[in-house]
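# please work out how this folds:
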Amino acid sequence: MEDMKKTSTIVTVIGMGKIGLPLAAVIANRGYQVIGADIDETIVKLINEGKSHIPNEPHLDELIKRSHDSRSLRATTNTSEAVSRSDVIIVVVPIITNKDHQEDYCFIDEAVYQLAKGIRKHSLVIFETTIPVGQTRERFGKKIEEVSGLKMGKDFLLAYSPERVSSNQVIRDLNTYPKVVSGVNQKSLEKAASFYKQALQTEIIKVSSLETAELTKIAEGIYRDVNIALANELARYADQHGINILEVIKASNTQPYSHIHLPGIGVGGHCIPVYPYFLINKGITGGLIEQARALNESMPDYGVQLLKQDLGSLKGKNILILGLSFRENVKEVSHSSAIELDSLLKLQGAKTYIHDPLFSEEEIRSLGLTPLSLNDEIISHIEVIILQAYHNQYQYLDFQKFTRCTYVLDGRNRLDRNTVISAGIKYRGIGT
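A predicted model of the protein is given here:
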């Protein structure tokens, strides 16, 4: 990435997580002065030392070091102070959901309050967090007005531009995907579009309202959830009839209008399992969106039922789950199927273990799970293996070490079937 011509515009990015920090680093390398705001003192300290707290994000370390050396990126825990110095403020603080799938705004509400305390006239505020339709205007815009005494669209500009990136490829996605942009009024839209055009150097898609942009992002996530549910339902049918669903999908997708995703033992992360509830909680119930979500949430139980079907009782069996992360090569446990699998297996009386090279044993124990090193002698007592996240480290897994293992459930259909079978172990996939 080449540096752009330096500008006097100061940008604050609120939320230095897996999306906010790469975004801040990219903008800082485009000629802007960037302040990263976060409540975590450890993260702030690392950034101010020119270091990243996010592993496995290509080019991020390099961009942070460059922006640190050029003094174009610094971090602080004082959000209000950072905002008071800034022309553009970008909010990338997540909305979380509770066990009943209701939205919890605690983190982003506090961030908006601190923003509102520091905002100055004529600033541009952009929300990138995925949020329920209407909340940029009705919740956050009005809160800024209430606290600051300023009027949105007049005293400060307000825009929404959803993040459209994935962990481990955020910088690539920022440089590749079009940026959807909307504003509370035309002036806000044009200002935000102009900013992103220079800061990201990517295609800009202007849409007619904040609500249009909000629903655009939710729709993207729901499309994937529904498509995965379709693949999972087809995989269940394939299991009943001895058909390999991967062969079916490969053949089907040679037709230009077919784009079937892949089945799996669960859908995790802080995005796909969450966004459907932004609509379900608003009354869209009983239809495809809700049914797809229910089917995907049932996949860990389906995996356990496959085990019982093939092995009988699971009581007393030593079962190893490979991969705590919700997906491969990402250190993130949000809505991970591994946690649900562990719980369901324990209900069957099984003794469960978790291995994940991205997490320390202490981190695994903190979730109420039992860690197991692949160098531990206990692996010789493992009877069943479930692949939940196909990390790179599992590509060359030596199944010969598992001398008592008789069964592998490949929850992602990624392991080499012949390698497993050659170790004298039965192989089973999802739909294969």
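# for Val34, which three-state class applies?
State at Val34, reduced to three classes by DSSP: H, G, I helix; E, B strand; the rest coil: strand.
# got it, and Ile126?
Assigned by three-state DSSP, the conformation of Ile126 is strand.
# mind listing what Ile131 touches?
Residues near Ile131 by CB atoms under 8 Å, 6 or more residues apart in numbering: 95, 108, 140, 214, 278. Quick note: C-beta positions are derived from backbone N, CA and C, even for glycine.
# can you add pLDDT, neighbour count and secondary structure and give the residues you listed back as JSON lines?
Output for the contacts of Ile131, formatted as JSON lines (pLDDT from 0 to 100; neighbours: other CB atoms under 10 Å; DSSP: H, G, I helix; E, B strand; the rest coil):
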{"residue": "Ile95", "pLDDT": "94", "neighbour count": "19", "secondary structure": "coil"}
{"residue": "Ile108", "pLDDT": "98", "neighbour count": "25", "secondary structure": "helix"}
{"residue": "Phe140", "pLDDT": "98", "neighbour count": "26", "secondary structure": "helix"}
{"residue": "Glu214", "pLDDT": "98", "neighbour count": "25", "secondary structure": "helix"}
{"residue": "Phe278", "pLDDT": "96", "neighbour count": "24", "secondary structure": "helix"}
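# now, which of these sits nearest Ala338?
Ile95 (23.3 Å; CB to CB).
# right, and the closest one touches Cys106 too?
No - with the criterion set as CB atoms under 8 Å, Ile95 and Cys106 do not qualify as a contacting pair; they are 9.1 Å apart.
# so where do the strands sit in the stretch 51-200 of the chain?
Counting by DSSP state E, counting those that start in this stretch, the stretch 51-200 of the chain has strands at residues 73-76, 88-91, 96-97, 103-104, 124-127, 157-160, 179-183.
# distance from the chain centre to the third one, please.
The gap between the average C-alpha position of strand 96-97 and the chain average comes to 13 Å, counting by CA atoms, centre = their mean, to the nearest Å.
# and it, which strands flank it?
Using DSSP bridges, the neighbouring strands of strand 96-97 in the sheet come out as strand 103-104 (antiparallel).
# need the contact partners of the partner strand.
Residues from elsewhere that reach strand 103-104, judged by CB under 8 Å, 6+ apart: 95-98, 132, 277-278, 281.
# before we move on, back to that, in TSV: the contacts of Ile131, plus distance to Gln291.
TSV is the format used below for those (distance: CB to CB, whole Å):
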residue	distance to Gln291
Ile95	24
Ile108	29
Phe140	31
Glu214	23
Phe278	17
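# out of these, which comes closest to Gly323?
Of all those, the one with the least separation from Gly323 (CB to CB) is Ile95, at 26.0 Å.
# mind telling me which of the strands of the stretch 51-200 of the chain the model trusts least?
Out of these, the stretch the model trusts least by mean pLDDT is strand 96-97, with a mean of 89.
# backbone dihedrals for Ile364, please?
Ile364 adopts backbone torsions of phi -70, psi -40, taken as degrees, to the nearest 10.
# mind listing what it touches?
With CB under 8 Å, 6+ apart, Ile364 has these contacts: 324, 354, 356, 370-371.
# and the residues you listed, which are buried?
Judged by neighbour count, with 16 or more other CB atoms under 10 Å as the criterion, the buried members of these are 324, 354, 356, 371.
# once you drop chain neighbours, what's closest to the first one?
Read it as Leu324. The spatial neighbour of Leu324 that comes closest, neighbours along the chain excluded (CB to CB, 6 or more residues apart in numbering), is Asp356 at 3.9 Å.
# quick check: the gap between the closest residue to Asn296 other than its chain neighbours and Gln198.
Once flanking residues are discounted, Asn296 sits nearest to Val267: 4.4 Å by CB to CB, 6+ apart. Between Val267 and Gln198 the computed distance is 36 Å (CB to CB, to the nearest Å).
# equivalent analysis for Thr97, please.
Plainly put, Thr97 is 35 Å away from Gln198 if you go by CB to CB.
# the more surrounded of those two?
Thr97 (19 against 16; other CB atoms under 10 Å).
# so that one touches Pro276, yeah?
No - counting by CB under 8 Å, no contact exists between Thr97 and Pro276, whose distance comes to 10.5 Å.
# what's near enough to touch Pro371?
Taking CB under 8 Å, 6+ apart, we find Pro371 in contact with 353-355, 359, 361, 364-365.
# go again with 7 Å.
Residues in contact with Pro371 (CB atoms under 7 Å, 6 or more residues apart in numbering) are 354, 361, 364-365.
# phi, psi of it?
Note on Pro371: its backbone torsions stand at phi -80, psi 150 [degrees, to the nearest 10].
# in the contacts of Ile131, find the pair that's most separated.
In terms of CB to CB, those reach their longest pairwise distance at Phe140 and Phe278, which sit 14.9 Å apart.
# rewinding a little: in strands only, show me the buried ones among the contacts of Ile364.
Helix and strand membership here follows DSSP state E; of the buried ones among the contacts of Ile364, those in strands are Ile354.
# let me have the buried ones among the contacts of Ile364 in a markdown table, extended by pLDDT and distance to Ile421.
Shown next, in a markdown table, are the buried ones among the contacts of Ile364 (pLDDT from 0 to 100; distance: CB to CB, whole Å):
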| residue | pLDDT | distance to Ile421 |
| --- | --- | --- |
| Leu324 | 98 | 26 |
| Ile354 | 98 | 25 |
| Asp356 | 98 | 25 |
| Pro371 | 98 | 28 |
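# domains in the chain, by residue range?
Structurally, the chain divides into domains by automatic domain parsing as follows: 10-208, 218-297, 299-429.
# and the shortest one, how far out from the chain's middle?
Which is domain 218-297. Once both centres are worked out by CA atoms, centre = their mean, domain 218-297 turns out to sit 17 Å from its chain's centre.
# ok, now stretch 41-49?
Per CA atoms, centre = their mean, the displacement of stretch 41-49 from the mean C-alpha position of its chain is 22 Å.
# any idea how many residues pack against Arg85?
Look at Arg85: counted by other CB under 10 Å, it has 13 neighbours.
# check contacts around the closest residue to it other than its chain neighbours.
The spatially closest residue to Arg85, leaving aside those adjacent along the chain, is Ile10, at 5.7 Å (CB to CB, 6+ apart). For Ile10, the contacting residues are 33, 35, 85-87, by CB under 7 Å, 6+ apart.
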